[in-house]
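In: Just to be clear, the model below is a prediction. Sequence and coordinates:
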Amino acid sequence: MSEKRLDRAITDFIWNVVEIHSQLEDIHTSWAALLGITEPQWLILMAITELDEGRGVAGIDIANKLRIHPAFVTNQTKALEKAGFLSRRPAADDARFVLMSLTEKATTEIEKLSKRRLALNSTMFNELDEKTLADLNAALATIAKNARLAARLLAIDVS
């Protein structure tokens, strides 16, 4: 592939990612609205769902998963606790860490949406089989790792 064609393919890829990000943001905002919460709060609930192995999840782990500031997680999880969507308790081994878990209310509300979410996922990934998705995820993981490196290198260049 020529350098010009490679550059065009990379540019197309980046714009496709921007488009997908925008569409996912709209979808997350819609899911959040159904629960009466904000899109960042929805993502926090989804991160807890993904990360919780029965002991609760530390705010720093949520922040790392979502690539957001831990103070924002603290602020938003307090609002989610007030709304009855999660419980917060100090970690048994280190009280400096607060562990968060979904409440029964959150689990029930998210479960109510599960059929609609499955249908939506089916629509989004309609023409992709399991192997294609696995290959795509592997490629995206490589790009994400390389993008983190590139961002660090750029930060060094501009300082």
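Out: Received the coordinates, thanks.

In: Spit out the contact partners of the residue nearest in space to the middle of the chain.
Out: The residue lying closest to the centre of the chain (C-alpha atoms, centre = their mean) is L66, at 5.1 Å. L66 makes contact with 40, 43-44, 47, 73, according to C-beta atoms under 8 Å, 6 or more residues apart in numbering. All C-beta atoms are positioned from the backbone trio N, CA, C, and that covers glycine.

In: my guess is L120 meets H28, correct?
Out: No: counting by C-beta atoms under 8 Å, L120 stays clear of H28, with 11.1 Å between them.

In: And the two? Which one has more around it.
Out: H28 (17 against 14; other C-beta atoms under 10 Å).

In: quick one: that one is in a helix?
Out: Yes: counting by DSSP: H, G, I helix; E, B strand; the rest coil, H28 is found in a helix.

In: Just give the nearest non-adjacent residue to it, would you?
Out: E39 (4.9 Å; C-beta to C-beta, 6 or more residues apart in numbering).

In: what's the burial count for L6?
Out: Neighbours of L6 using other C-beta under 10 Å come to 10.
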